[in-house]
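J.: dropping a prediction and its sequence here:
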Amino acid sequence: MATEVAGLGYSWRSSCPSTLYPRSFRSLHSKPVKVAFASLAENRSISFTDSETHLLECLLGVQGRGRSASKAQLQDVDQAVQVLEKSEGVRDPTSSSLIEGCWQLIFTTRPGTASPIQRTFVGVDTFSIFQEVYLRTDDPRVCNIVKFSDSVGELKVEAAASVKDGKRILFQFDRAAFSFKFLPFKVPYPVPFRLLGDEAKGWLDTTYLSHSGNIRISRGNKGTTFVLQKKIEPRQRLLSAILRGKGVREVVEEFISSNQDVQIRDPEFGLGEWQLLWSSQPEDESWLESAASGLKGLQMVKENGLLENQIQLFPGVRLQVRGNYTTLSQKKYEVVINEVALVLGAFRFPLDISKKVNVELLYIDNKIRITRGYKDYLTVHVRVK
């Protein structure tokens, strides 16, 4: 049982900060800028510096909390992490009350020495992963929680903790248990911590703690890097719902409603490459027809009104959809599909498919795009380049 689990555990609990919804979101500049958020019951704000925002931008669209990240994504995140670690975060973070509370894991590296729990649970987007840190009590603890779902329950791994210096927390695991909703008692986790000796011990360095108390970067004794947050900004909540596959349409519609006052300032429909993350298309809808309407795969928005979709069907086999778009109004476009072909390696087989679709741009920033188009289906894309 490797000690790196200290950076692992996390889950939604009543003690964790609630998810907030946006009134608006904009990129940050050289000075800290507050981004306002509003839910039905409360108004709060989340403040990020430009370097913190850059890190969050790098993490948007990364799946499996880093497990499915490309080399380019990992490099971007690593560089953003190093910038923050060299910046002026909270001095002596273990002495600050800002380190206390419930932290959500949003990214972690996975060296070969990672623990079995970390390898098993952290990369699964359907699980919520949290860490609780409480150092100013009679029983200081670091508690790691993996919540499987609201209906199933969670695994909680606890460690007795102590502060070594301004950055380092020492810990020793001493108990763990599953709490299942369908059982009136806890199920002990089958690991004899007392018999593990030094294997149940470890340390966790906090290399960056934001002055807002919302972002923390930690490095563990096994060499793993962890990025954690207390309050999740709305785009992260949106992507998290998509990755979990639960209540997505409600979250998307609420995000759109909360951003109705945000002006769309991109007359070119968002030049660049966009990967489809989610569509409200029902499962029984014709796959080929929806693919030809731009509801699948990678979409490339080019200059001069050109549009191309690439849908990977099998290794070496893809569907290529080409067309063009014209601007009807500030938020509405007409998309004409005039060329569809099945591509097998160097061979190209044209298909007799053409289509005209009106598309409404509901939200766009430098990372996320939400549209309503074919049959009024909602789509969420994340920018690749």
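T.: Perfect, I can see it now. Numbers count the residues shown, from 1 in each chain.
J.: assign a three-state SS to the closest residue to residue 125 other than its chain neighbours, would you?
T.: Leaving aside its sequence neighbours, residue 125 sits nearest to residue 243 (Cβ to Cβ, 6 or more residues apart in numbering; 3.7 Å). From N, CA and C alone the C-beta is placed, and that goes for glycine too. Using DSSP: H, G, I helix; E, B strand; the rest coil as the criterion, the local structure at residue 243 reads helix.
J.: residues making contact with the helix ranked longest in the chain?
T.: Ordering each helix of the chain by length in residues (DSSP state H) puts helix 71-86 first. For helix 71-86, the surrounding residues in contact (Cβ atoms under 8 Å, 6 or more residues apart in numbering) are 51-52, 54-55, 58-59, 62, 66, 69, 107, 109, 207-208, 215, 217, 225, 227.
J.: likewise stretch 271-278?
T.: Counting by Cβ under 8 Å, 6+ apart, the neighbours of stretch 271-278 from elsewhere in the structure are 61, 239, 242, 248, 252, 295-303, 369, 378-385.
J.: go through that stretch and flag the buried ones.
T.: 273, 274, 276, 277, 278 (16 or more other Cβ atoms under 10 Å).
J.: max pairwise distance over the residues you listed: which two?
T.: 273 and 278 (17.0 Å; Cβ to Cβ).
J.: rewinding a little: what is the nearest of the buried residues of stretch 271-278 to residue 346?
T.: Closest approach between these and residue 346, by Cβ to Cβ: residue 273, at 22.8 Å.
J.: ok, the nearest residue to residue 180 once chain neighbours are set aside to residue 196 distance?
T.: Nearest-residue entry for residue 180: residue 153, 4.1 Å, with adjacent residues in sequence omitted and distances by Cβ to Cβ, 6+ apart. Using Cβ to Cβ, to the nearest Å, we find residue 153 at a distance of 25 Å from residue 196.
J.: residue 166 now?
T.: For residue 166, the distance to residue 196 equals 28 Å [Cβ to Cβ].
J.: what values do phi and psi take at residue 55?
T.: Here the main-chain torsion angles of residue 55 (degrees, to the nearest 10) amount to phi -60, psi -50.
J.: and the pLDDT at it?
T.: We have a pLDDT of 94 for residue 55.
J.: residue 142 too?
T.: The per-residue pLDDT reported for residue 142 equals 95.
J.: who's in contact with it?
T.: Going by Cβ under 8 Å, 6+ apart, residue 142 touches 6, 131, 132, 133, 158, 159, 161, 169, 171, 204.
J.: mind redoing it with 7 Å?
T.: 6, 131, 133, 159, 161, 169, 171 (Cβ atoms under 7 Å, 6 or more residues apart in numbering).
J.: same check on residue 317?
T.: With the criterion set at Cβ under 7 Å, 6+ apart, residue 317 makes contact with residue 344.
J.: distance-wise, check it relative to residue 342.
T.: In this view, residue 317 and residue 342 are 7 Å apart by Cβ to Cβ.
J.: coming back round to it: kindly reformat the buried residues of stretch 271-278 as JSON lines containing distance to residue 148 and secondary structure.
T.: Converted to JSON lines, the buried residues of stretch 271-278 look like this (distance: Cβ to Cβ, whole Å; DSSP: H, G, I helix; E, B strand; the rest coil):
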{"residue": "273", "distance to residue 148": "34", "secondary structure": "strand"}
{"residue": "274", "distance to residue 148": "32", "secondary structure": "strand"}
{"residue": "276", "distance to residue 148": "27", "secondary structure": "strand"}
{"residue": "277", "distance to residue 148": "23", "secondary structure": "strand"}
{"residue": "278", "distance to residue 148": "22", "secondary structure": "strand"}
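J.: good, wrapping up.
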